[in-house]
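no FASTA, just this:
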């Protein structure tokens, strides 16, 4: 148990603690023994950092406005949402030798639904509360009336998606959970896009894995954010440069 706890702590520093839990042996006894320790580590990290347990997507800023600081935190959460969605669907993942193969990490059943619940509590619910807290300020910064209406609405839409995700978790069906997680991803991305149109700086999260055709028409594409893709990579650049 001490070895597993030490491993979890090490991986926590890299932002991979929940994925590490998924890759532990599938023994129900083992998972029940280790899960409380990992949950405690995630909670402690959230309290200590006041930000998602992930690699920071946004640059460090000094004297940033309150709304910019919250948008930076929301930008960081993109990684966690994409990470969860990728685990709920067959996707290309690197194996031990770095070759990408199609696999699905989280499937139907209680054990895997418990992982989705853990993600929801630690990452997804804070997204909604931060959106609701900062939306009025972003509305005041926005210049377009349609954008103002949409920004005000999105926190409530996010709350609805989280309620539907809670129901999906009860059903223990990965396909239902994935549908709601993708709704969360799209709602967060739209909120960030509208925030950028209101004059705030947003750092899109684009995964390093190969992108599917569906990805190329959604928030994982550079074009969705008004940017262009750097040839030969998933990195984005400003089309004016």
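Cool, the structure landed. The structure displayed is predicted, hence computed values, not measured ones.

the strands in the chain, which residues?
91-94, 100-103, 228-229, 236-237 (DSSP state E).

residue 188: which of the ones you listed is closest?
When those are compared by Cβ to Cβ, strand 236-237 sits nearest residue 188, at 17.3 Å. From N, CA and C alone the C-beta is placed, and that goes for glycine too.

buried set for the biggest helix by length in the chain?
Ranked by residue count, the top helix of the chain under DSSP state H comes out as helix 145-171. By neighbour count on 16 or more other Cβ atoms under 10 Å, the buried set for helix 145-171 is 147-148, 150-151, 154-155, 157-159, 161-162, 164-165, 168-169.

please apply the same query to stretch 101-118.
Quick answer for stretch 101-118 (16+ other Cβ under 10 Å): 105-106, 111-118.

looking at that stretch now, give me its mean pLDDT.
For stretch 101-118, the mean pLDDT works out to 91.

likewise stretch 65-84?
Here the average pLDDT along stretch 65-84 is 91.

check stretch 134-143 too.
According to the model, stretch 134-143 has a mean pLDDT of 93.

got the contact list for it?
Residues outside stretch 134-143 that contact it (Cβ atoms under 8 Å, 6 or more residues apart in numbering) are 66-67, 70-71, 148, 151-152, 154-155, 191, 194-195, 197-200.

what about 6 Å?
67, 70, 148, 151-152, 155, 195, 198-199 (Cβ atoms under 6 Å, 6 or more residues apart in numbering).

next one: stretch 167-175
Counting by Cβ under 6 Å, 6+ apart, residues outside stretch 167-175 touching it are 88, 106-110, 113, 116-117, 176-177, 180.

next step: the residues you listed restricted to helices.
Judged by DSSP H, the contacts of stretch 167-175 include 110, 113, 116-117, 176-177, 180 as members of helices.

closest to residue 126 out of the residues you listed?
Nearest to residue 126 among the ones in helices among the contacts of stretch 167-175, with distances taken as Cβ to Cβ, is residue 117, at 14.4 Å.

quick one, what contacts that closest one?
Residue 117 makes contact with residue 169, according to Cβ under 6 Å, 6+ apart.

and for the one 10 residues further on?
If you count contacts by Cβ under 6 Å, 6+ apart, residue 127 has them with 77, 188.

and if you look at residue 176?
residue 168.

report pLDDT for residue 208.
At residue 208, the predicted lDDT confidence score is 71.

same question but for residue 97, I mixed them up
86.

please report phi then psi for it.
Residue 97 has phi and psi values of phi -100, psi 10 when expressed as degrees, to the nearest 10.

same check on residue 109?
Taking degrees, to the nearest 10, you get phi 120, psi 160 for the backbone angles of residue 109.

for this protein, give me the ranges with low pLDDT.
1-64, 209-218, 220-227, 229, 232-237, 239-241 (pLDDT under 70).

domain-wise, how is the protein divided?
Residue ranges for the domains of the chain, per automatic domain parsing: 1-50, 66-203, 206-241.

end to end, how far does the longest one reach?
Read that as domain 66-203. Using Cα to Cα, to the nearest Å, one end of domain 66-203 lies 17 Å from the other.

contacts only, for residue 108.
172-174.

kindly provide the distance from it to residue 90.
Using Cβ to Cβ, to the nearest Å, residue 108 is found at 13 Å from residue 90.

also residue 206?
20 Å.

with neighbour numbers in mind, choose between these two.
The neighbour count for residue 206 versus residue 90, taken as other Cβ atoms under 10 Å, is higher for residue 206 (23 against 10).

next, the more buried one: phi, psi?
phi -120, psi 120.

look up how far residue 231 lies from it.
14 Å.
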